[in-house]
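Enquirer: give me the fold of what follows.
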Amino acid sequence: YHAEYAKAAIEAGKHVFVEKPVCLCPQELEELMALSEQHPKQICMVGYMRRFATGFFQCQKLLAEDDRPIEYMAQARQPILAQNDIPAAALEESRQRRYDQLCQALGKDCTEQQRITYTMLSGLGCHTLSAVRELVGYTPEVKSVAVDGEHVIIVFQFKGFLGVYEIVNDQDIVQFDAAIEIYQHSRRMKIKHETPYLRYQPHTFEVVESTKTDSQTITYGPDYHDSFENELRYYHDCIEQGKQPKTSFADAMEDIKLFQDICSKI
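Expert: Coordinates of the predicted model:
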């Protein structure tokens, strides 16, 4: 429903904040991008709250201050999601809309596995993958994809190093595990995201520095600044200053293209 209501809000002269994924198919997003360009004074932002976490900002800062090349990147996610309070009719309508939009994004001949993978990437994976795009400054090449139901492993070719992303969503273990680890030979940085279902959870950012004779771990935090609050304050500043946000419709399109590329290799 995101595209439908975002379009209505823009046409009504409103600023728009829409949660990720802003759309499931590029056709709808292209319409929103064109509409946004026709209304440049209205600020349209996509809610990628992981890109407003304090640990993420600290990681950006350390990468900018140090020219050590990245040699490897690992990204993992293992969430537990449950819902049981949505009317059956609403769920069925939503499923049909989602199916139609996935077929638009992937083609009418797409497989069930492609639809499952695309749904996981657009609903959960875009948090981490969009954050990585911002950290390195570009969209990596998809080197290989391995899938088995709701277990997806992707190998990315970055500029000069490999990155691995794993997402699992079919486990009975009650655990939320989302992290980004960056290896620079003598330094490892880890952005650890706590559960998004409870706000103001303490979170930390860990850096391990090693030399030939010693190793030390630096922990930033615990920090209680809420990522949702950070992004809304940022959005408010964008409106006040009349500037377009970093998490724009055009930025979100990079995710959609990446998901299509990943699913084409399944």
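
Enquirer: residues in contact with the helix or strand where C126 lies?
Expert: Element membership for C126 (DSSP states H and E) is helix 126-136. Applying Cβ atoms under 8 Å, 6 or more residues apart in numbering, the external contacts of helix 126-136 come out as 20-21, 48-51, 56, 59-60, 63, 70, 73, 75, 77, 121, 139-140, 158-159, 163, 165, 178, 180, 182, 191, 193, 246-247, 251-252, 254-255, 258-259. Backbone N, C-alpha and C define where each C-beta goes, glycine included.

Enquirer: which stretches of the protein form strands?
Expert: Along the chain, the segments classed as strands by DSSP state E run 16-19, 44-47, 72-78, 141-148, 151-157, 162-168, 177-183, 187-193, 203-210, 215-223.

Enquirer: neighbours around F259, how many?
Expert: The number of residues packed near F259 is 25, by other Cβ atoms under 10 Å.

Enquirer: quick revisit: now the helix holding C126: mean pLDDT?
Expert: Summarised as a single mean, pLDDT over helix 126-136 is 95.

Enquirer: kindly report the same for stretch 65-79.
Expert: Confidence for stretch 65-79, expressed as mean pLDDT, is 87.

Enquirer: ok now that stretch, how far from the chain's centre?
Expert: Using Cα atoms, centre = their mean, to the nearest Å, the mean C-alpha position of stretch 65-79 is found 15 Å from that of the whole chain.

Enquirer: then stretch 210-220?
Expert: The chain centre lies 30 Å from the centre of stretch 210-220; the measure is Cα atoms, centre = their mean.

Enquirer: equivalent analysis for stretch 154-164, please.
Expert: Mean C-alpha position of stretch 154-164 versus that of the full chain (Cα atoms, centre = their mean) differs by 17 Å.

Enquirer: please list the outside residues in contact with it.
Expert: For stretch 154-164, the surrounding residues in contact (Cβ under 8 Å, 6+ apart) are 69-75, 132, 136, 138, 140-146, 153, 165-166, 262.

Enquirer: show the buried residues in those residues.
Expert: I70, M73, A74, Q75, V132, V136, P140, V142, V145, Y165, I262 (16 or more other Cβ atoms under 10 Å).

Enquirer: find the nearest non-adjacent residue to the second one, please.
Expert: Meaning M73. Leaving aside its sequence neighbours, M73 sits nearest to G163 (Cβ to Cβ, 6 or more residues apart in numbering; 3.7 Å).

Enquirer: any chance of the strands of the chain in a markdown table, plus distance to M33?
Expert: Below are the strands of the chain laid out as a markdown table (distance: least, Cβ to Cβ, whole Å):
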| stretch | distance to M33 |
| --- | --- |
| strand 16-19 | 12 |
| strand 44-47 | 9 |
| strand 72-78 | 27 |
| strand 141-148 | 23 |
| strand 151-157 | 25 |
| strand 162-168 | 26 |
| strand 177-183 | 28 |
| strand 187-193 | 28 |
| strand 203-210 | 33 |
| strand 215-223 | 34 |
